[in-house]
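In: What shape does this take:
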Amino acid sequence: MNIHREQNENEEKFLWRLGQAKDSGELDLDWSEIANIMNAEFRDDETEYMGSSAYRKLYQCSRRFFDAGVFNKYQDGSYLEDLREAKQELRKEKQRLFDERTAYNKELREQGRRESMVDIVKHAIDEYCPTVFEDRKIECRNSDDECDFIVHLTDIHYGINIDNILNKCDSDILTDRLYLFLGEIESLVKLYKPKNCYLIAGGDFCMGLIHLNARLEAKENLVMQIMKASDMIANFIYKLSSMFESVHVYSTAGNHSRVMPNKEHVARNENFDVLIPYICKKELQNVKNVHFYENELGCDIATFDVRGHRVYATHGDKDSNSSVVYNMTKFARKAGLPLPDMCYLGHRHTNGLTTVDTVKVIESGCVGGMDSYAIDHRLVGMPEQTVTVVTEDCKIKALCDIQLT
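Out: Take a look at the predicted model:
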């Protein structure tokens, strides 16, 4: 028998091997001799040597537990398998906690960025002194009280700066296009003699920062886009107020003005488009025949009635002309609201009319026209908007295709 320490054999294993050999008769040594072997193998300093009784008692105590079967289960293969499974579960739990901590820290970072951006914009609004339009006496309008207009103003994309063979657009051109739109509306007012105007401010008022092309083509930073787009839209509403007995303003938030580029990181109402009607309302607070309304279904869905017809309006980034009726009908039933008779969409930058069952779906184009993103995705369109003439008997007495070039 080998009476020397084997490789990777610790003191306890060595003592157990010698004691087992002594008990079986394989090793003919007394405990004094075993103590000398143990001390020589594991202790360099003689002052640390242990006596024979110390080694004997340690071995006998270990053997007592061994003979009692305490260690039997540790020799069972199922126990080792249980240990491996427990170890795997522990690793899974540690990884789950790590993933949760990573996701939580990411959400904190994103929330901090959102709060920082919102704080910057709010601070800028607080310091901004918008033009406050004064009310003026309006001469008696020549209205026959038989129809109203729905004016759809969507996808202005203020801040865009485009100069290519397919489109030229900047803040001055946007202003010219809105005045052209107002001129067309004024001509239609003379023709149809409507009483009221229902304005749908359909979102994407600013170019925003959601695409790389948008960031490259944005001439002004986002805060200035919000301020100047608000001035532009408020002036548009002010001009409308002189053409109608009353102007009712409803708005939907688009996708260009969301707080973060990645839509998965943005809560539903975190959109700078909601600030623009708020600023416009301040600018037009003295104009008595202009009325602003809050949405019942959130910032991106407007609902109202015109001549007994129920209208739903959304920007269009979450709906198509084939799905919007189904989606709005679901929401209406869930919220206990009237079902849609008409649905309005923007986003796709083209005017259009579709009938889904008995519901009319009206799409309006883009004031800004084609940008690099549209060109890269082969989306062709002209600057255009729509005006709908509504009577009690007819949801669409006329749909006017307004070209802004």
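In: number of nearby residues for Ile237?
Out: Applying other CB atoms under 10 Å, we find 24 other residues in the vicinity of Ile237. From N, CA and C alone the C-beta is placed, and that goes for glycine too.
In: Thr355 too?
Out: For Thr355, the tally of surrounding residues (other CB under 10 Å) stands at 11.
In: who's in contact with the helix or strand harbouring it?
Out: Using DSSP states H and E, the element containing Thr355 is strand 352-356. Contacts with strand 352-356, where a contact means CB atoms under 8 Å, 6 or more residues apart in numbering, come from 321-322, 324-326, 360-363, 396, 399.
In: What is the subsequent helix or strand relative to the helix or strand of the chain with the lowest mean pLDDT?
Out: When the helices and strands of the chain are compared on mean pLDDT, DSSP states H and E, helix 212-217 comes out lowest with a mean of 45. Next in sequence after helix 212-217, counting helices and strands by DSSP H and E, comes helix 222-241.
In: Take that following helix, keep the C-alpha atoms, and write them as CSV.
Out: Taking only C-alpha atoms (Å, rounded to 0.1, in the frame of the first residue of the first chain), the coordinates of helix 222-241 have been written out as CSV:
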residue,chain,number,x,y,z
LEU,A,222,-37.3,70.2,-32.5
VAL,A,223,-38.2,72.9,-30.0
MET,A,224,-38.2,75.6,-32.6
GLN,A,225,-40.2,73.3,-34.9
ILE,A,226,-42.9,73.0,-32.3
MET,A,227,-43.0,76.8,-31.6
LYS,A,228,-43.1,77.9,-35.3
ALA,A,229,-45.5,75.1,-36.4
SER,A,230,-47.8,76.3,-33.6
ASP,A,231,-47.7,79.8,-34.9
MET,A,232,-48.4,78.6,-38.5
ILE,A,233,-51.4,76.5,-37.5
ALA,A,234,-52.8,79.1,-35.2
ASN,A,235,-52.7,81.6,-38.0
PHE,A,236,-54.4,79.1,-40.3
ILE,A,237,-57.2,78.6,-37.7
TYR,A,238,-57.5,82.4,-37.2
LYS,A,239,-58.0,82.9,-41.0
LEU,A,240,-60.7,80.1,-41.0
SER,A,241,-62.5,81.8,-38.2
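In: where do the helices sit along the stretch 151-300 of the chain?
Out: Across the stretch 151-300 of the chain, reading from the start of the chain, the helices by DSSP state H, counting those that start in this stretch fall at 171-192, 212-217, 222-241, 275-283.
In: partners of the strand holding Thr355 in the sheet?
Out: When pairs are called by DSSP bridges, strand 352-356 turns out to pair with strand 359-363 (antiparallel).
In: Who are the packing partners of the helix or strand following the strand it pairs with?
Out: Next helix or strand after strand 359-363 toward the C-terminus (DSSP H and E): helix 372-376. Packed against helix 372-376 by the contact rule (3 or more CB pairs under 8 Å, 6 or more residues apart in numbering; DSSP states H and E) you find helix 212-217.
In: Low-confidence ranges, this protein, go.
Out: In the prediction, the chain carries residues with pLDDT under 70 at positions 70-80, 82-83, 104-130, 137-141, 208-221, 256-271, 373.
In: mind giving me the domain ranges of it?
Out: The chain resolves into domains spanning 11-70, 128-403 when parsed by automatic domain parsing.
In: Now distance to Arg5 too, for these, in TSV please.
Out: As requested, the domains of the chain are arranged in TSV below (distance: least, CB to CB, whole Å):
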stretch	distance to Arg5
domain 11-70	4
domain 128-403	62
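In: Quick one: closest of these to Asn2.
Out: The closest approach between Asn2 and any of these, judged by CB to CB, belongs to domain 11-70 at 8.8 Å.
In: In a strand, Ser62, correct?
Out: No: the assignment for Ser62 is helix, going by DSSP: H, G, I helix; E, B strand; the rest coil, so no strand is present there.
In: Could you report the separation of it from Arg43?
Out: 20 Å (CB to CB, to the nearest Å).
In: Neighbours of Asn10, how many?
Out: Applying the criterion other CB under 10 Å, we find 10 residues in the vicinity of Asn10.
In: now, which of the contacts of strand 352-356 sits nearest Asp145?
Out: The closest of those to Asp145 turns out to be Ile396 (CB to CB; 18.7 Å).
In: Mark which of the contacts of strand 352-356 are buried, thanks.
Out: 321, 324-325, 360-363, 396, 399 (16 or more other CB atoms under 10 Å).
In: Just put those residues in JSON lines and tack on distance to Glu9.
Out: Shown next, in JSON lines, are those (distance: CB to CB, whole Å):
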{"residue": "Asn321", "distance to Glu9": "80"}
{"residue": "Val324", "distance to Glu9": "78"}
{"residue": "Val325", "distance to Glu9": "81"}
{"residue": "Lys360", "distance to Glu9": "89"}
{"residue": "Val361", "distance to Glu9": "84"}
{"residue": "Ile362", "distance to Glu9": "87"}
{"residue": "Glu363", "distance to Glu9": "83"}
{"residue": "Ile396", "distance to Glu9": "94"}
{"residue": "Leu399", "distance to Glu9": "93"}
